[in-house]
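**Student:** Predicted model follows, preceded by the sequence.
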Amino acid sequence: MSNQASFACQVLNWYDTCGRTDLPWRQNITPYRIWVSEIMLQQTQVNTVIPYFRRFEDRFPNITALADASLDEVLHLWTGLGYYARGRNLHKTANIVCKDFNGEFPRDNVALEQLPGIGRSTAGAICAIAFDQATPILDGNVKRVLTRYHRIKGWPGQSAVQKKLWQVAETSTPTDRSADYTQAIMDLGATLCTRSKPNCLACPLQVKCQAHTAAVTDQYPTSKPRKTLPVRTTYFLIMVNSQGQVLLQLRPPTGLWGGLWCFPECTDEAAIATTCQQLGFAIRHYRVDQQQRHTFSHYHLDYKPVHINAVPEPHVADSTIAWVNIDDPGQLGLPRPVEQLLKTIRE
């Protein structure tokens, strides 16, 4: 048996007894369910994804239901999951698949990669798990297993390291039981070969794992070079009318929180009055609350809530501005900071 075949065999044998076969998307496997779960699992842990996946599937049981829904409703169910471009791309892809592929996902990973939000690894996962094709994947969990097992140096985000990892992933993927193997190696990375304190003693690959043998698992994968995250500041303008409604504004479809409903914003305190005038009302008085921070992958957002008493209450004629019931915002996509501030206002 070759080294590659032995590697896959050990991973599969472990999966047969220890794999997480009870995950909801591993029951009644379909391309649609695998696609939704893979998109949700990008940058997000399984335990966080499970309740979102179940709610999403209850509301959108198939790709036609998802394509027919409004983007607002899709993003509403995505609220709190983060990386909202994933939700927007999910909606775009659903419409494309329904329109151009008669509601059926293409069985070709190259064709899948052309769809919004589907990269090489996600396309590979769909083809492998849904269609049992021997297509490799390379998510964060798999990168960790392969870099430790082969002791591959360098940050996996570098093109040369990435290329080598894809080569290793491809040669390691078996032609038999490709679907099980793909789920198995993801599970191995998520449950045993973890980022910190990996459980090497329970790992089926420990004997030939080069990082384990050299007692340097903590050095692999090589960490991304650290850099100081920049900080952006903003003011959230919070206004509640006499009916207990709060003023929200729809953000542009692309960029930060694209397509989500947020409080109107301005960049500094001096611009509060001008921004309010542009929205059609004057300030009677306002109060600036303590600054809070929300961290993205590439920068920190420091925001200050500004509670405004206005005169007169603005009349909303613009479709991108709406008075929203604080107790029941309805089917709107809301960023986590906005959702938390609304909860604070209610309380």
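**Tutor:** Structure received.
**Student:** For the rest of this, base every contact and every neighbour count on C-alpha atoms.
**Tutor:** Will do.
**Student:** If you count neighbours, what's buried in the host helix or strand of Arg86?
**Tutor:** Take DSSP states H and E as the rule and Arg86 turns out to sit in helix 85-100. Neighbour-count burial for helix 85-100, counted by 16 or more other Cα atoms under 10 Å, picks out 85-98.
**Student:** and what of stretch 227-239?
**Tutor:** Those would be 234-239, for stretch 227-239 by 16+ other Cα under 10 Å.
**Student:** could you pull out the helices for the stretch 1-150 of the chain?
**Tutor:** 3-18, 31-41, 46-59, 63-68, 71-78, 85-100, 109-112, 120-131, 140-150 (DSSP state H, counting those that start in this stretch).
**Student:** Out of the ones you listed, which is closest to Gln183?
**Tutor:** helix 120-131 (7.4 Å; Cα to Cα).
**Student:** what about that closest one, distance to the chain center?
**Tutor:** In terms of Cα atoms, centre = their mean, to the nearest Å, the centre of helix 120-131 is found 17 Å from the chain centre.
**Student:** Over to stretch 56-64?
**Tutor:** 18 Å.
**Student:** What of stretch 217-225?
**Tutor:** Centre to centre, stretch against its chain (Cα atoms, centre = their mean), the figure for stretch 217-225 is 23 Å.
**Student:** now do the same end-to-end measure for that stretch.
**Tutor:** 18 Å (Cα to Cα, to the nearest Å).
**Student:** buried sites along it?
**Tutor:** Neighbour-count burial for stretch 217-225 [16+ other Cα under 10 Å]: 217, 220-222.
**Student:** still on that earlier bit, could you dump the helices of the stretch 1-150 of the chain to a markdown table with distance to Gln162?
**Tutor:** As requested, these are arranged in a markdown table below (distance: least, Cα to Cα, whole Å):
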| stretch | distance to Gln162 |
| --- | --- |
| helix 3-18 | 19 |
| helix 31-41 | 20 |
| helix 46-59 | 24 |
| helix 63-68 | 32 |
| helix 71-78 | 30 |
| helix 85-100 | 23 |
| helix 109-112 | 18 |
| helix 120-131 | 12 |
| helix 140-150 | 9 |
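**Student:** what's the distance between Val142 and Ser196?
**Tutor:** 15 Å.
**Student:** Among the two, which residue is more densely surrounded?
**Tutor:** More crowded of Val142 and Ser196, by other Cα atoms under 10 Å: Val142, with 22 against 9.
**Student:** Run through the residues that contact that one.
**Tutor:** 185-186, 189 (Cα atoms under 8 Å, 6 or more residues apart in numbering).
**Student:** thinking again about what came up before, in CSV, could you pull the C-alpha coordinates for the helix holding Arg86?
**Tutor:** Extracted C-alpha coordinates of helix 85-100, given in CSV (Å, rounded to 0.1, in the frame of the first residue of the first chain):
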residue,chain,number,x,y,z
ALA,A,85,-20.9,38.8,1.6
ARG,A,86,-21.4,35.0,2.0
GLY,A,87,-25.2,35.6,2.4
ARG,A,88,-25.3,37.9,-0.5
ASN,A,89,-23.4,35.5,-2.7
LEU,A,90,-25.6,32.6,-1.6
HIS,A,91,-28.6,34.5,-2.8
LYS,A,92,-26.9,35.4,-6.1
THR,A,93,-25.8,31.8,-6.8
ALA,A,94,-29.3,30.5,-6.0
ASN,A,95,-30.7,32.7,-8.7
ILE,A,96,-28.0,31.8,-11.2
VAL,A,97,-28.4,28.0,-10.6
CYS,A,98,-32.2,28.3,-11.0
LYS,A,99,-32.0,30.5,-14.1
ASP,A,100,-29.0,28.9,-16.0
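**Student:** how big is the angle separating it from helix 31-41?
**Tutor:** 160 degrees (axes from the mean of the first three to the mean of the last three Cα atoms, to 10 degrees).
**Student:** Can you list the strands that the longest strand anywhere in the chain pairs with?
**Tutor:** The residue-count maximum for a strand in the chain (DSSP state E) belongs to strand 300-311. Note on strand 300-311: by DSSP bridges, its sheet partners are strand 231-239 (parallel), strand 282-288 (antiparallel), strand 292-295 (antiparallel).
**Student:** contacting residues around that strand?
**Tutor:** So strand 300-311 is contacted by 229-240, 281-295 (Cα under 8 Å, 6+ apart).
**Student:** go again using 6 Å as the cut-off
**Tutor:** 231-239, 282-289, 291-295 (Cα atoms under 6 Å, 6 or more residues apart in numbering).
**Student:** how far out from the middle of the chain is the very next helix or strand once past that strand?
**Tutor:** Per DSSP H and E, the first helix or strand lying C-terminal to strand 300-311 is strand 321-325. On the basis of Cα atoms, centre = their mean, strand 321-325 sits 27 Å off its chain's mean C-alpha point.
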